[in-house]
Each structure stands twice: as structure tokens, then as C-alpha cells.
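*Asks:* Sequence plus predicted model, see below.
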Amino acid sequence: MDSGVGAAGGRAKNNGGPVRMFPVFLEDDGILCFRDDDGLESDSWRRSRRCLELQIFRNVENYILIVKPESPGNQMAGFEDIAQLDRNDESGIRFNIHVYDDTEPRVQSVALTTRKNNQTYCLCAKKQANGEMRVVFEERNLPERIPGKASDLIFFQHPFSKGDNNYFKYESTLEKDYFLAFEKREGSHMRRLIMKKILTKDEVDETTKFSPSSY
């Protein structure tokens, strides 16, 4: 007996007419939601309504990520041992994690922003003229739509280990196998935020292990 359900084109037939079918996803609180991909171009991202606000990023040393836009380009952000947290939303340590819907089912796509001195800064992965990948914070607004399969703004948020919902690693979509990481610098207490190439998926590199939380 024909069930009347067809996979082609994401539609089903009901009494001879097409019926819209929507992909589903689970929100963080376990609620099942339907995603409407109407108008989403092939190979593109669209900003969703899902956003984790005012998150603090910690590395495995429990150092906290802080942004300093006034610093030189390669020292704009790093992890510091901060004993007393600044509760100010524009302190440079609180980030919004914006979720983007992807036309191609992959790992969850996110963009990261923070505020400092009444300005919004987006975390970007930039490829330099010499081929080096670098972290840059740019004063700009997030777009509603991003065409293509690669973006300096979009990162894939991978669980650091299977089943782990507390620690993640963030892979650039601009350049495959490059992840946000921290780098220890001799003579400095700060761990600089960098882009680091991970050669194999099975490689365990704890410099790419970050924990976002609201406290």
C-alpha cells in the first residue's frame, strides 16, 4: 500500500497535492521544533532566532577569554586568569553565540559576537597574504544571510568529545581543519587566541577545548 510519503524535494503527496515537509531539530531545552527553509538559497546560511546570550568562554586552565579591540591585531583577544568577574555586559568577556541554519546538514553553525565600549564586535577568521590564519574582531553587524559554503564569520561548533555538552571546539568554515585555540607566550600571563591547524580528526588537542557558560 502506498503511504503517499515521498522524499524527493522535501514534499509529500496528499490526495494528489503536494504537502510541505519541514526538517526538525531539538532546542537546548529539549523542545522539538520545525525549521522553515523557505527562501534559503542553496549553499547558504540564515541567521536563526536561537542565541545563547552573555556567555563566558573558559579554556582547560579555567582562564577566561577577554577581547581588547584597542590592542594590536594579533593580540586582540586572549585567555586571562580573572579572579573577579566584571558583570558588565560590555566588559569584553561576555559573548553571544548566534546559531545559523545551514542548507547543507552539517555540524551546528554559529557566529560569536561581543560588545565593548558600546560597539558590537564579531569574531572572524581571516586568511593573511602569507597564508596564515588569524583571529580578528571586527566592528560590524551580523548579516541575516550568508551565501556560499565558507565564511569568515561562521564556525562549526563540535562537541570536544562524543556526548560532551560542556566542552566544544570551533572550526572555521573559511579554512577546513583550522580551529580556535589558545597559545601560551613566554613571559606573558595571557594565552593568546589563535587559529590552529589540526591535522587529523582523531588528534586530541586541549588548546582547542573551550567551555561556554553564563557564569
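*Replies:* Received, thanks. Numbers count the residues shown, from 1 in each chain.
*Asks:* quick one: contacts for Glu171?
*Replies:* Contacts of Glu171 were listed using C-beta atoms under 8 Å, 6 or more residues apart in numbering, and they are 107, 155-156, 158, 177-179. Heads up, the C-betas are built off the backbone N, CA and C, glycines and all.
*Asks:* ditto for His189
*Replies:* By C-beta under 8 Å, 6+ apart, the contact list for His189 reads 80-81.
*Asks:* Distance check, it against Phe156.
*Replies:* According to C-beta to C-beta, to the nearest Å, His189 stands 30 Å off from Phe156.
*Asks:* Show me where the chain dips below the pLDDT cut-off.
*Replies:* 1-42, 72-74, 86-90 (pLDDT under 70).
*Asks:* Could I get the buried residue list for the lengthiest strand in the chain?
*Replies:* Ranked by residue count under DSSP state E, the longest strand found in the chain is strand 44-58. By 16 or more other C-beta atoms under 10 Å, the buried positions in strand 44-58 come out as 44-47, 50, 55-58.
*Asks:* tell me how far stretch 101-116 is from the chain's mean position?
*Replies:* 4 Å (C-alpha atoms, centre = their mean, to the nearest Å).
*Asks:* end to end, how far does that stretch reach?
*Replies:* Terminal residues of stretch 101-116 lie 27 Å apart, using C-alpha to C-alpha, to the nearest Å.
*Asks:* if we can go back for a sec, got a markdown table for the contacts of Glu171, with neighbour count and distance to Leu199 too?
*Replies:* Listed next are those as a markdown table, based on neighbours: other C-beta atoms under 10 Å; distance: C-beta to C-beta, whole Å:
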| residue | neighbour count | distance to Leu199 |
| --- | --- | --- |
| Val107 | 14 | 19 |
| Phe155 | 28 | 19 |
| Phe156 | 18 | 17 |
| His158 | 17 | 16 |
| Asp177 | 13 | 7 |
| Tyr178 | 20 | 11 |
| Phe179 | 23 | 11 |
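*Asks:* With distance to Lys126 and secondary structure added, can I get those in JSON lines?
*Replies:* Shown next, in JSON lines, are the contacts of Glu171 (distance: C-beta to C-beta, whole Å; DSSP: H, G, I helix; E, B strand; the rest coil):
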{"residue": "Val107", "distance to Lys126": "21", "secondary structure": "coil"}
{"residue": "Phe155", "distance to Lys126": "13", "secondary structure": "strand"}
{"residue": "Phe156", "distance to Lys126": "17", "secondary structure": "strand"}
{"residue": "His158", "distance to Lys126": "21", "secondary structure": "strand"}
{"residue": "Asp177", "distance to Lys126": "16", "secondary structure": "coil"}
{"residue": "Tyr178", "distance to Lys126": "11", "secondary structure": "strand"}
{"residue": "Phe179", "distance to Lys126": "15", "secondary structure": "strand"}
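*Asks:* Pick the one among those closest to Arg134.
*Replies:* Tyr178 (10.1 Å; C-beta to C-beta).
*Asks:* what's across from the closest one in the sheet?
*Replies:* Beta bridges link Tyr178 to Lys197 when assigned by DSSP bridges.
*Asks:* which secondary structure elements does the longest strand of the chain contact?
*Replies:* When contacts are defined as 3 or more C-beta pairs under 8 Å, 6 or more residues apart in numbering; DSSP states H and E, strand 44-58 sits against strand 64-67, strand 91-102, strand 145-147, strand 211-213.
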